[in-house]
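# here's a sequence, model it:
(chains A, B, C and D)
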2 protein chains.
Amino acid sequence: MNFASEASRRPGRGQRTDERIHGAIYAAIINHQLRPATPLQEDALAGAFGVSRTIIRKVLQRLAHEKLVVITPNKGARVARPTTEEGRQVFEARHIIESELVRKVARKRDDRGLDRLRGIVAEERKAQLADDKRRRVQLSGDFHQALAELADNAVLADVVQELVSRTSLIIALYEVPGAVPCSCDEHSEIIDALAAGDEAAAIERMDHHLRHIESQVDLSQSTGGVDFRSLFAQALPD
Amino acid sequence: MNFASEASRRPGRGQRTDERIHGAIYAAIINHQLRPATPLQEDALAGAFGVSRTIIRKVLQRLAHEKLVVITPNKGARVARPTTEEGRQVFEARHIIESELVRKVARKRDDRGLDRLRGIVAEERKAQLADDKRRRVQLSGDFHQALAELADNAVLADVVQELVSRTSLIIALYEVPGAVPCSCDEHSEIIDALAAGDEAAAIERMDHHLRHIESQVDLSQSTGGVDFRSLFAQALPD
DNA sequence: CGGCCGCAATATGTATACAATGTTGTTCAA
DNA sequence: TTGAACAACATTGTATACATATTGCGGCCG
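Presented below is the predicted three-dimensional model:
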């Protein structure tokens, strides 16, 4: 894609540009259009978006902080390739944090908030029928994000947002072949428990849902620093 | 301070420079040498560290992502001034996350890890005797950071690190006048419970410790947009 | 013929120049 | 005297040029 025309039309109108470019690359990574380990060359991106490398560098830096991109000094940026261990940690963190957030929301009985969640699930169903996988992934993330926001804790909501993004990368890498995309029914069940104010049930269902997502990936492979010595033990002199 | 000589001696030796400058500004903020709302002018910092604004911008961007600095477009960067609401959220997040981390560490019975914690507490005691407040603040953060690392979850350890830094800012802003700096005995008691493998006690003591820190700050003021009208009600003509 | 050394190409790291924006102080007019 | 408009300054935003590091290729030596 080439956005050069729009970008250069209005030369210096603040830092709306950064935001746009960040959003575009972010979405492409979450959507698995840019897969893990894809090189993100500064010049190429600068050309594509019609801006200078300065802007691209800023965006890449931000994505690196969000752990979606890895920058190796003097070698450039690539889409991150989280290890299985990192995957395990991300899921553990999500269990811990999202359980508590669900607890808080269940206690709140915020009907308007729940309606917002229902709206997202409705969109999910539509995307499911339309077989639009990209939109489903997007909306599934939005659901968790929205839930976090309902818990009146923007700090934790930010953390969840980051963890959800990273989950996308983990799925891209380790999804098992016949994986069934996470059914939105589970989201619906969580909402029902929240609406009923049933704290325990809501937590249990969120836990179940997260375990379900985990069951769709295979984190058993050892990616954390391959030990060549033992791997090639029999091929090496003692 | 002026690091121009060292910086320019070896012109382009990788991005060790960024790290150094980030560390320096980070420490200054945590130490309360740079107080909330202090303007961080690019040129001034560039001059002080003997680098160009390019590097400074990168560092400020990173600090902004860590929520220690706020960048307002076209107006520049300042040390962040978290609101009382944000303070509340940070403490809540710490309770949720650090409780679970303590639970995990209690179950692990990792003696070598506990020794590391004891080492930090010993340093804390020394700093307490030497009346070195800066070092005490630093070490207190290190304790929580080290504890998080013992829980075998680098993802959450990163989050805790960020929350601990932000806590420093909150203390700088809202510390009550006669506040007694957090005694390192509480850290010690947590270690003892961990050593005994007493999960419940360890969690209880961490909770107590965090509540103690919270009691040192006054988050009751409403900082979310000061209402001059009511503030100066009696001094204004209706 | 195989392996090592050196050079060239490519990409990133940093500095600087220029453009745009925001702020402040001054001047002029009502 | 007060208000607003304007102009000068200060500061950030962006692009570009140059310095430096890595990588792959080709030639040279053993």
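# which other helices and strands contact the lengthiest helix in chain A?
Ordering each helix of chain A by length in residues (DSSP state H) puts helix A:84-108 first. Secondary-structure packing of helix A:84-108 (3 or more CB pairs under 8 Å, 6 or more residues apart in numbering or on different chains; DSSP states H and E): helix A:133-150, helix A:154-174, helix A:184-195, helix A:199-215, helix B:84-108, helix B:154-174. For the C-beta atoms, the positions are set from N, CA and C on the backbone; glycine is no exception.
# domain parsing for chain A?
What automatic domain parsing lists as the domains of chain A is A:4-79, A:84-215.
# these: which one's closest to B:Val59?
domain A:4-79 (10.4 Å; CB to CB).
# I'd like the average pLDDT over the closest one.
For domain A:4-79, the mean pLDDT works out to 88.
# just how off-centre is that domain within its chain?
Computed by CA atoms, centre = their mean, to the nearest Å, the chain-centroid distance of domain A:4-79 equals 17 Å.
# point to the residue nearest the middle of chain A.
The residue lying closest to the centre of chain A (CA atoms, centre = their mean) is A:Ser165, at 1.5 Å.
# interface residues of chain A facing chain B?
A:14-15, A:58, A:61-62, A:65, A:73-74, A:86, A:89-90, A:92-93, A:96-97, A:100, A:152-156, A:159, A:163 (CB under 8 Å from any CB of the partner chain).
# just the buried residues of those residues.
Neighbour counting with 16 or more other CB atoms under 10 Å in any protein chain shown marks A:58, A:61-62, A:65, A:86, A:89-90, A:92-93, A:96-97, A:100, A:152-153, A:155-156, A:159, A:163 as buried within these.
# how far does stretch A:207-216 sit from the chain's center?
A distance of 15 Å separates the centroid of the chain from that of stretch A:207-216, by CA atoms, centre = their mean.
# residues contacting it, please?
The contact list for stretch A:207-216 (CB atoms under 8 Å, 6 or more residues apart in numbering or on different chains) reads A:91, A:94-95, A:98-99, A:167, A:171, A:175-176, A:179-180, A:182, A:186-187, A:190.
# what's near enough to touch the residue of chain A found nearest DNA strand D?
Across chain A, the shortest distance to DNA strand D (CB to the nearest atom of the strand) belongs to A:Ser52, at 3.3 Å. Contact partners of A:Ser52, counting by CB under 8 Å, 6+ apart, are A:Ala46.
# list phi and psi for it.
phi -90, psi 170 (degrees, to the nearest 10).
# from DNA strand C, how far off is it?
Distance, A:Ser52 to DNA strand C, using CB to the nearest atom of the strand, to the nearest Å: 9 Å.
# same check on A:Glu199?
47 Å.
# so that residue sits right up against A:Arg107, yeah?
Yes - counting by CB atoms under 8 Å, A:Glu199 does reach A:Arg107; the two are 6.5 Å apart.
# ok, these two, which is more surrounded?
More neighbours surround A:Glu199 than the other of A:Glu199 and A:Arg107, with 16 against 13 (other CB atoms under 10 Å in any protein chain shown).
# check contacts around the closest residue to the more buried one other than its chain neighbours.
Nearest non-adjacent residue to A:Glu199, counting by CB to CB, 6 or more residues apart in numbering or on different chains: A:Ala106, 4.1 Å away. Counting by CB under 8 Å, 6+ apart, A:Ala106 touches A:Ala193, A:Leu194, A:Gly197, A:Asp198, A:Glu199, A:Ala202, A:Ile203.
# cool, and A:Ser220?
A:Ser220 neighbours (CB under 8 Å, 6+ apart): A:Thr84.
# now swap in A:Arg136 and tell me
A:Glu124, A:Ala127, A:Gln128, A:Pro181, A:Cys184.
# most packed of the domains of chain A?
Here the criterion is mean neighbour count by mean count of other CB atoms under 10 Å in any protein chain shown, and of those the winner is domain A:84-215, at a mean of 18.
# now do the end-to-end distance for that one.
13 Å (CA to CA, to the nearest Å).
# which of the helices and strands packed on helix A:84-108 sits closest to B:Ala44?
Comparing the helices and strands packed on helix A:84-108 under CB to CB, the one sitting nearest is helix B:154-174, at 20.9 Å.
# and the angle for the closest one with helix B:84-108?
140 degrees (axes from the mean of the first three to the mean of the last three CA atoms, to 10 degrees).
# chain center to helix B:154-174, what's the gap?
Using CA atoms, centre = their mean, the offset of helix B:154-174 from its chain centre is 4 Å.
# same question for stretch A:189-199.
For stretch A:189-199, the distance to the chain centre is 25 Å (CA atoms, centre = their mean).
# outside of that stretch itself, list whatever touches it.
A:102-103, A:105-107, A:109, A:111, A:114, A:117-118, A:121, A:147, A:201-202, A:204-206, A:209.
# farthest-apart pair in the contacts of stretch A:207-216, please.
Counting by CB to CB, the most remote pair of the contacts of stretch A:207-216 is A:Ser99 and A:Val176, 24.9 Å apart.
# can you confirm A:Gly197 is in a strand?
No - assessed by DSSP: H, G, I helix; E, B strand; the rest coil, A:Gly197 does not belong to a strand; its assignment is coil.
# my guess is A:Phe143 contacts A:Ala122. True?
No - in this structure A:Phe143 lies outside contact range of A:Ala122 using CB under 8 Å: 11.0 Å.
# in terms of pLDDT, where does the residue nearest to the centre of chain A sit?
So A:Ser165 comes in at 97 (pLDDT).
# what sits against it?
A:Ser165 touches A:Tyr26, A:Ile29, A:Ile30, A:Glu66, A:Lys67, A:Leu68, A:Gly141, counting by CB under 8 Å, 6+ apart.
# could you measure from it over to DNA strand C?
Following CB to the nearest atom of the strand, the distance that separates A:Ser165 from DNA strand C is 22 Å.
# would you mind measuring from that residue to B:Leu60?
Taking CB to CB, to the nearest Å as the measure, A:Ser165 falls 23 Å from B:Leu60.
# again, but for A:Gly47
27 Å.
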